[in-house]
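Novice: Predicted coordinates and the sequence they were generated for:
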Amino acid sequence: MDAWLKGLLQAVVSGIGTAGVTWMTLAGANQIGLAVPTLNWKALGTILITSAGFNLFSYLKQSPLPASRVEVTQTQTETTDVVKKD
């Protein structure tokens with residue numbers, strides 16, 4: 001369960017990183033003179049939520065549920081003969 005939650009969190013953080021790289025790329029492109037639109041906070045938030053959600057759902061597609069916990073116990077069975085009394 002812990003590994004599954006860790007993977008889920010990593011997927012969301014990866015999506016947030018994607019939004020950050022997008023913002024930095026567009027800001028850098030404007031600095032070197034390329035005519036690209038700048039991101040306002042609303043657009044950046046939309047990209048952040050979209051990329052985090054995409055990565056989250058991709059992870060859930062790969063690992064839908066955490067592994068269930070299996071407990072193994074030993075069982076001992078004895079057989080006895082039944083004798084009919086008159």
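Specialist: Nice, I can see it.

Novice: Can you tell me how far residue 11 is from residue 63?
Specialist: Counting by Cβ to Cβ, to the nearest Å, the separation of residue 11 from residue 63 is 10 Å. Where you see a C-beta, it was placed from the backbone N, CA and C, and this is true even at glycine.

Novice: okay, those two: which has more neighbours?
Specialist: Legend: neighbour count by other Cβ atoms under 10 Å for residue 11 and residue 63, higher for residue 11 (20 against 13).

Novice: do you know how far the more buried one is from residue 54?
Specialist: In terms of Cβ to Cβ, residue 11 sits 9 Å off from residue 54.

Novice: again, but for residue 60
Specialist: 11 Å.

Novice: Give me the neighbour count for the closest residue to residue 44 other than its chain neighbours.
Specialist: Nearest non-adjacent residue to residue 44, counting by Cβ to Cβ, 6 or more residues apart in numbering: residue 23, 5.6 Å away. Residues lying near residue 23 (other Cβ under 10 Å) number 16.

Novice: any low-confidence regions in the protein?
Specialist: Applying pLDDT under 70 to the chain picks out residues 1, 66-68, 86.

Novice: in it, which spans are helices?
Specialist: Taking DSSP state H as the test, the helices found in the chain are 2-31, 41-62.

Novice: Many thanks, we can stop here.
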